[in-house]
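*Asks:* sequence first, then the predicted structure:
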Amino acid sequence: MASTDKPLLIKRYASRRLYNTETSDYVTLEDIATFIREGREVQIVDLKSGDDLTRQYLLQIIAEHESRGESVLGVDILTDLVRSYTTQASSVVPQFLAASFEMLRDGQSKAMENMGSMNPMANMPGFEAMRAQQQAFMKAMTGGMMGGAASPGDTGASENGNDDLDDIKAQLQAMQDKLSKMGK
């Protein structure tokens, strides 16, 4: 079994085919998505130039899932993301998203812990399978999002920016509430 503490290296050939260096075979975008859902970090590089193409392919995976009707990102969120590329908000958006996913991951793990110990449904047939599926979903949703991101408390806000910080916290809570409703 290959070590999972380092990223799985995928090489893109000139033919645009993707080659898994661990198993010595070609893979598809769906295969890469499966690796990520299973908790594996992936790095995709161009064989000839050595350029890191990971972001490009991750965005392509997201776009394909969204186009198939597996919508996670609403039009309003996508619109705001596009806007953030042309405004001063572009410096705050990555930290905001990273903090949001960290809060979501923490909340989900706490909820899953509580479900097992206090929930009377825990004795129902199939409950463990449902719980494992929810954990896999959360892992897939949040995997790789926190690499090198600032901690939620590290906002860089001054005393005058407390109103902005409160607004961001409220937006984070609203996003977390929406995502938790989607998981039900």
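*Replies:* Structure received. Numbering: from 1, shown residues only.

*Asks:* mean confidence for the lengthiest helix in the chain?
*Replies:* Longest helix in the chain by number of residues (criterion: DSSP state H): helix 93-118. Here helix 93-118 scores 75 as its mean pLDDT.

*Asks:* from now on call the first residue 74
*Replies:* From this message on, residue numbering opens at 74, which makes the last subject helix 166-191.

*Asks:* check which residues of that helix are buried.
*Replies:* 168-178, 181 (16 or more other Cβ atoms under 10 Å). Bear in mind the C-beta positions are built from the backbone N, C-alpha and C, glycine included.

*Asks:* same question, stretch 126-138
*Replies:* Buried, per 16+ other Cβ under 10 Å, within stretch 126-138: 126-127, 130-131, 138.

*Asks:* and the furthest pair within the residues you listed?
*Replies:* 126 and 138 (18.4 Å; Cβ to Cβ).

*Asks:* who touches the spatially closest residue to residue 124 that is not a sequence neighbour in this structure?
*Replies:* In this structure, residue 124 finds its nearest non-sequential neighbour in residue 118, 6.7 Å apart by Cβ to Cβ, 6 or more residues apart in numbering. Neighbouring residues of residue 118 by Cβ atoms under 8 Å, 6 or more residues apart in numbering: 82-85, 124-127.

*Asks:* what about those residues, which one has the most neighbours?
*Replies:* Within the contacts of residue 118, most neighbours by other Cβ atoms under 10 Å means residue 83, with 22 neighbours.

*Asks:* doesn't it lie inside a strand?
*Replies:* Yes - looking at residue 83 with DSSP: H, G, I helix; E, B strand; the rest coil, it is inside a strand.

*Asks:* how much space is there between it and residue 180?
*Replies:* 32 Å (Cβ to Cβ, to the nearest Å).

*Asks:* what's the domain layout of the chain?
*Replies:* The record's domain parsing of the chain by automatic domain parsing lists 81-144, 151-255.

*Asks:* check the offset of the first one from the chain's centre.
*Replies:* Read it as domain 81-144. Centroid separation for domain 81-144 versus its chain: 15 Å, with Cα atoms, centre = their mean, to the nearest Å.

*Asks:* how far away is residue 129 from residue 135?
*Replies:* Distance from residue 129 to residue 135, by Cβ to Cβ: 11 Å.

*Asks:* and residue 93, by the same measure?
*Replies:* Distance of residue 93 to residue 135, computed by Cβ to Cβ: 21 Å.
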